[in-house]
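Asker: Provided below are the primary sequence and the corresponding predicted coordinates.
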Amino acid sequence: MKKQKFSEAQILKALKEYEAGKNVMDICRELGIHKATFYVWNKKYSGMEGHDIKRLKELEEENRRLKKMYAELAMDNSVLKDVLSKKF
């Protein structure tokens with residue numbers, strides 16, 4: 001099954017409906033998500049505004065990119081150390 005991405009506005013709308021008293025199962029049925037997904041959103045995004053959620057997603061993406069870059073550089077560094085440590 002293809003993973004569906006929801007926009008910040010959709011997530012925020014679902015959380016606002018929940019805060020207004022709408023049933024979690026009804027919200028999940030409308031969006032086609034599991035209730036665990038909704039509770040993860042609630043834990044992660046509750047109390048945030050739209051621009052806060054967008055900024056959080058941007059920072060998570062930047063963090064993922066930097067971790068990948070660091071891993072590649074660490075591997076290159078390890079290979080270079082191995083090459084330099086060998087006696088010819």
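Answerer: Now that the structure is in, tell me what you want to look at. All figures in this text were calculated on a predicted structure; none of them were measured in a lab.
Asker: To which secondary structure element is D26 assigned?
Answerer: Under the criterion DSSP states H and E, the helix or strand holding D26 is helix 24-31.
Asker: And the contacts of that helix?
Answerer: 6, 10, 14, 17-18, 34-35, 37-39 (Cβ atoms under 8 Å, 6 or more residues apart in numbering). All C-beta atoms are positioned from the backbone trio N, CA, C, and that covers glycine.
Asker: That helix: which residues count as buried?
Answerer: By neighbour count on 16 or more other Cβ atoms under 10 Å, the buried set for helix 24-31 is 27-28, 31.
Asker: what's the closest of the residues you listed to S46?
Answerer: I27 (13.8 Å; Cβ to Cβ).
Asker: Now do the helix-or-strand element of the chain with minimal mean pLDDT against helix 24-31: the angle between them, please.
Answerer: Using mean pLDDT, DSSP states H and E, helix 8-19 stands out as the lowest-scoring helix or strand of the chain, at a mean of 90. Between helix 8-19 and helix 24-31, the angle comes out at 150 degrees (axes from the mean of the first three to the mean of the last three Cα atoms, to 10 degrees).
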